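**Student:** Starting from these lines, generate the structure:
(2 chains)
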Amino acid sequence: MDNSAKSFLRIDNIWKSYGDFLALKEISLDINESEFVCFLGPSGCGKTTLLRAIAGLDLQTRGTVHQAGRDISNLPPAERDFGIVFQSYALFPNLTVDRNIAFGLENAKMPKSAITQRVTELLELVGLPDQGRKYPAQLSGGQQQRIALARAIATSPGLLLLDEPLSALDAKVRVRLRHEVKELQRKLGVTTVMVTHDQEEALSMADRIVVMNHGVIEQVGTPLEIYREPATLFVADFIGETNQLEARVSNKTGAVQVGDQLLACCEHEHASDTKVVAAIRPEDIIPHTGDASKSSRKKDFAEPENTIDARIDEMEFLGSFWRIRLSNAAIGAQELVADFSINAVRRLSVVEGGTIRIEIPSQRLKIFPA
Amino acid sequence: MPAGVTVKAKLGRDDIMMRGFMVMIALYLIVTLALPLYAMLSKAFSTYHFDLTQYELQVSDEQGVFGSPPVSVQQLNAKTGAIPDEKLATSSDGRLGLTKLFPEFSFRSPVRYRIRGTSGDAVFLIGSERYVGTEWQETDSNTFRRVVVRPVKSRGLANFTTYFSTPSLFYSIRNSLMVSVISTIITVTLAFGFAYALSRSCMRYKGVFRLIAMAPILVPSLLPGIALVYLFGNQGMLKSMMMGESIYGPYGIVFGSVFFTFPHALMIITTALAISDARLYEAAASLRASPWKVFWTVTIPGARYGLISAAFVVFNLVITDFGLPKVIGGQYNVLAVDIYKQVIGQQNFEMGAVVSVVLLIPAIVAFAIDRQVQKKQVALLSARSVVFQPKPNRRFDWISFAYCTLIAAFIIIILGVCQFAALIKFWPYDLSFSLRNYNFDVMDGGGWDAYRNSIQLGLLTAFFGTAIVFVGAYMVEKTQGFRTGRSLFQLLAMLPMAIPGMVLGLAYIFFFNNPDNPLNPIYGTMAILVICSITHFYTVSHLTAVTALKQMDTEFESVSASLKTPFYKLFARVTVPVCLPSILDISIYLFVNAMTTVSAVVFLYSSQTTLASVAVLNMDDAGDVAPAAAMGMMIFYTNAFARIVHLLASKAVLKRTQEWRVR
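**Tutor:** The predicted model follows:
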């Protein structure tokens, strides 16, 4: 088949049950060679279960897995071709860093000098050239993580599996390692699957993201696709922030009724008068003028669509921007959250308790089933 | 989920090997535990009696002509009444001669006899020749003396009926329960006080107290009995303190039981007290609760699982103990000694089995309750928070110190008396020092060979036992899938703890002494003693190993598999080195117990494999009480030495591994 030619890892209709509980439902996925794919979802969504099925550590109940054209569906881990890094790192505490990295090489009957050379090479690759003689407990968390990575890629596996590899690290180190791991993966060109519950991690590292929830795949796409064009309300809500407004599809084409307000929205396939959820991201709301009541409105000004006046209930300073909670009698008791740049707030002299004219761009107003 | 075939794992080489190892060790436990117990149970429910309807006789006249018709032995007996009904009940070895059926029988008479079975499975012997079936066998009257019939086996509760209609036997149940309950109450109370002083006071010399309190674990349970004989026996140093009561009997058993169960109770209660949460005490203090109220509302509830667990462990130890009541019990019969008396004294194996079954019941109940309680204790432990730090309190610290000194003195006196008795010539007539009590070779019991055998047994048990237990625990913890097999294995591993040593030993006789058993050749060798000791002490060792293995990262095996390294390399290079401290703990536990145990091995030793602990028993039995004390103290010193070696080895291991343990 044309597709399987470039598909390196093919997961076909996988189900996993624990008694009555279905942990994975109908999972099908193709991962390309050298691709970095993240499984993203809240805890309990099945992402780790799927990773362990790919590794053969916990076999799926139904379905097949092919790697590089080979059916590995029921093979034990030792007969598959992957390296793995766990959240706990699972470094052998009684072996030095050198011996940890060499663990898989020693079994491969490699000559001693070649092993030493490879270990040195790997230590340099992960940026810890002179830590080889130390024991894992003598290293920091970030260093241990890199050693675990070096050990996983030592035998040059075709597939690298990362199970929440950065979760146990503190925030700063995590951000730095994100970059390093991604860089390393690009350099080696190894097909990589990473499980994470951290959306920032997924957005910044992955070539493609697989968003999972309750054992099903909600959406597969590039980080930009996932963020800009969420396929489901869950994705919209789980990744980034989203305002969710109760709405009803209007008779007028391309519009929804939110409270008393008619809002133009992007295309959708819902029938008239059905209940829906209208979603817009806080940063997509555009501030127009400052205090609307003071400014005399020019009648001839071509007003953009979906422009409403809102009261500023609360302002929260978040460093690089302001998060602003807005309300409007027309849209009912529903709160609207908007992110405005510091510049905009200063320019438009936005103040708590005041009012502001905002625009909700219709292309960014997504409609999901209620 | 769509219909279809569930994906079935292809077993890798590792899976197959791990399951293989697990099955092997499970088989070991089945052969050395389950099958012997089954043999014993079936023995308890087997009764044997002679079925006279199975045989026919024909008697000739003086000329040797068989004129008269054949007659059933049953009818013959009914006519003569030669063999009363109660004589027809017998044991598996029973043989019944037939001459008494003929009042005028003479072995010189020319009369000839014919015998045959009336059914195909009737068995009789002529001399040592065995005959089965309905064919006539003819003998002269001289040979007819050597004709015996064999009993038939039937299943039923007859043995139990006999047991419960023999007052001297079933009184033992009451006696056993009574001494066990009283000893339990005293031991747990004393041990709680000791543990409380250790964990809640700021007294000095806590380490010394802890060390002394643990000493009784290093001696056979019958040693305190010997000391009590010297202290309160008929010629005892402090006999007047007994105020006319005899130490031989319940007093002695309870006194000695408290001594040898004390460290067991102390360990459990100390752990229970150590996990209590300091924040509860702070909260109580901020509420201005009185110390008395704090004790009853915080301390006791916090330690309750430990107290219950300790009580059942002590109860189990006392009710299953054999050595101590044997030495000091006098005429006061208890269950464990009854088994010994039935088997060794009267050769009544069926009745021994019946008493074993009776003894199994309280032992299993106590074990089951203890397991339930232990589980809850573990749950408390994992939710632990702030560790309690005692603050100095002059008065309380002094009371604690005095109390612990008293208990420690009691322990030291018991051991000291034994050592003193061993070193003097002839109590109470010749008090000069001499080493002649150490001249074991001239006494009953096996001499110095017994001591050497015991050390050999200890070392072999420690070596093979640790290997089997640790490998078994590893397989059951780390094998993937195979759930039924694993839970079955866990059950088998827990079982030995519930089986009293006497019961295990007797079960081994039934199983291994059976000539049809292919394992029969190991009967009477060192091998069966080692196997018996490993199985007897399997559970605690297994739990120690499992605890250590549970602390290892569960993903080591996954990582190793992903690196295509077989599990045994990981096992050798990572698992064993990391678990070394626990492995050493298991070996010292097995060594010390193999050195001190009497109960199981007392049925299994042969003249080639006498043991020091059994020698103590036998020398005491033969009246050589001072040499028995001397041998008992040899066991103590050997165990103390082993413990020191273990301590040094553990320190060395820890030092070597310190660099990877601490940052």
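**Student:** where are the low-confidence patches of the stretch 1-150 of chain B?
**Tutor:** Of all residues in the stretch 1-150 of chain B, none has pLDDT under 70.
**Student:** mind listing the helices in it by residue range?
**Tutor:** Counting by DSSP state H, counting those that start in this stretch, the stretch 1-150 of chain B has helices at residues B:13-29, B:35-44, B:73-80, B:141-144.
**Student:** With chain A instead?
**Tutor:** With DSSP state H, the ranges of helices along chain A come out as A:2-6, A:47-55, A:97-107, A:112-125, A:141-153, A:171-188, A:199-205, A:223-228, A:233-238, A:342-347.
**Student:** Turn those into a markdown table, columns for distance to chain B.
**Tutor:** Bear in mind the C-beta positions are built from the backbone N, C-alpha and C, glycine included. As requested, the helices of chain A are arranged in a markdown table below (distance: least, CB to the nearest CB, whole Å):
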| stretch | distance to chain B |
| --- | --- |
| helix A:2-6 | 20 |
| helix A:47-55 | 7 |
| helix A:97-107 | 3 |
| helix A:112-125 | 13 |
| helix A:141-153 | 7 |
| helix A:171-188 | 16 |
| helix A:199-205 | 20 |
| helix A:223-228 | 28 |
| helix A:233-238 | 22 |
| helix A:342-347 | 43 |
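**Student:** lowest-confidence stretch among those helices?
**Tutor:** Lowest mean pLDDT within the helices of chain A: helix A:2-6, at a mean of 51.
**Student:** picking up where we left off before, out of the helices of the stretch 1-150 of chain B, which is the most enclosed?
**Tutor:** Mean neighbour count, computed with mean count of other CB atoms under 10 Å in any protein chain shown, is highest for helix B:35-44 among those, reaching a mean of 20.
**Student:** the inter-axis angle of that helix versus helix B:13-29?
**Tutor:** In terms of direction (axes from the mean of the first three to the mean of the last three CA atoms, to 10 degrees), helix B:35-44 departs from helix B:13-29 by 30 degrees.
**Student:** Pull out the buried residues from whichever strand or helix holds B:Ala628.
**Tutor:** B:Ala628 is located in helix B:625-661, with elements delineated by DSSP states H and E. By 16 or more other CB atoms under 10 Å in any protein chain shown, the buried positions in helix B:625-661 come out as B:625-636, B:638-639, B:642-643, B:646, B:657, B:660.
**Student:** which residues of the chain score low on pLDDT?
**Tutor:** I'll assume chain A. Short version for chain A, where the test is pLDDT under 70: A:1-5, A:290-303.
**Student:** ah, I was thinking of chain B
**Tutor:** Checking chain B against pLDDT under 70 turns up B:377-387, B:658-663.
**Student:** Once you drop chain neighbours, what's closest to the most centrally placed residue in it?
**Tutor:** Geometric centre of chain B, nearest residue: B:Gly501, 1.7 Å, by CA atoms, centre = their mean. Nearest residue to B:Gly501 in three dimensions, chain neighbours excluded: B:Ser599, at 2.9 Å (CB to CB, 6 or more residues apart in numbering or on different chains).
**Student:** which SS class is that neighbour?
**Tutor:** coil (DSSP: H, G, I helix; E, B strand; the rest coil).
**Student:** and if you look at the one 3 residues further on?
**Tutor:** Of the three states, B:Val602 takes helix under three-state DSSP.
**Student:** ok, the nearest residue to it once chain neighbours are set aside - contacts?
**Tutor:** Nearest non-adjacent residue to B:Val602, counting by CB to CB, 6+ apart: B:Val614, 5.7 Å away. Neighbour list for B:Val614: B:Gly445, B:Gly446, B:Ala450, B:Val598, B:Val601, B:Val602, B:Tyr605 [criterion: CB atoms under 8 Å, 6 or more residues apart in numbering or on different chains].
**Student:** What count of nearby residues applies to the second one?
**Tutor:** As a burial measure, B:Gly446 scores 25 neighbours (other CB atoms under 10 Å in any protein chain shown).
**Student:** Show the contacting residues for it.
**Tutor:** With CB under 8 Å, 6+ apart, B:Gly446 has these contacts: B:Phe440, B:Asn453, B:Ser607, B:Thr610, B:Leu611, B:Val614, B:Ala615, B:Asn618.
**Student:** nearest to chain A, of these?
**Tutor:** Comparing the contacts of B:Gly446 against chain A with CB to the nearest CB places B:Asn453 closest, at 37.4 Å.
**Student:** Can you classify the closest one as helix, strand or coil?
**Tutor:** Secondary structure for B:Asn453, judged by three-state DSSP, is helix.
**Student:** outside of stretch B:216-227, which residues touch it?
**Tutor:** Applying CB under 8 Å, 6+ apart, the contact partners of stretch B:216-227 are B:252, B:255-257, B:259-260, B:262-264, B:321, B:323-324, B:326-328, B:411, B:413-415, B:417-418, B:421, B:592, B:596-598, B:613, B:616-617, B:620, B:625, B:628-629, B:632-633, B:635-636, B:639-640, B:643.
**Student:** and with 6 Å instead?
**Tutor:** With CB atoms under 6 Å, 6 or more residues apart in numbering or on different chains as the test, stretch B:216-227 has contacts from B:256, B:259-260, B:262-263, B:321, B:323-324, B:327-328, B:414, B:417-418, B:596, B:598, B:613, B:616, B:628-629, B:632, B:636, B:639-640.
**Student:** ok so, going back, how about the secondary structure of the residue nearest to B:Val602?
**Tutor:** helix.
**Student:** Kindly report the same for B:Gln480.
**Tutor:** Assigned with three-state DSSP, B:Gln480 falls in the coil class.
**Student:** That one: how many residues sit nearby?
**Tutor:** Counted with other CB under 10 Å, residues neighbouring B:Gln480 total 22.
**Student:** Kindly provide the distance from it to chain A.
**Tutor:** 8 Å (CB to the nearest CB, to the nearest Å).
**Student:** nearest residue to that residue other than its sequence neighbours?
**Tutor:** Excluding its sequence neighbours, the residue lying closest to B:Gln480 (CB to CB, 6+ apart) is B:Asp15, at 6.4 Å.
**Student:** quick one: contacts for the residue nearest to B:Gly501?
**Tutor:** Applying CB under 6 Å, 6+ apart, the residues contacting B:Ser599 are B:Phe322, B:Gly501, B:Met502.
**Student:** Correct me if wrong: the last one contacts B:Ile339.
**Tutor:** Yes. With contact defined as CB atoms under 6 Å, B:Met502 reaches B:Ile339; the gap is 4.7 Å.
**Student:** what's the domain layout of chain B?
**Tutor:** Per automatic domain parsing, the structural domains of chain B span B:13-45+B:469-578, B:47-155, B:161-434.
**Student:** circling back to that earlier point, just how off-centre is the helix holding B:Ala628 within its chain?
**Tutor:** For helix B:625-661, the separation from the chain centroid amounts to 23 Å (computed by CA atoms, centre = their mean, to the nearest Å).
**Student:** ok, now stretch B:71-83?
**Tutor:** Worked out by CA atoms, centre = their mean, stretch B:71-83 lies 47 Å from the chain centre.
**Student:** I'd like to know how many residues surround residue 11.
**Tutor:** You didn't say which chain, so I picked chain A. 24.
**Student:** Wait, chain B was what I had in mind.
**Tutor:** With other CB under 10 Å as criterion, B:Leu11 counts 16.
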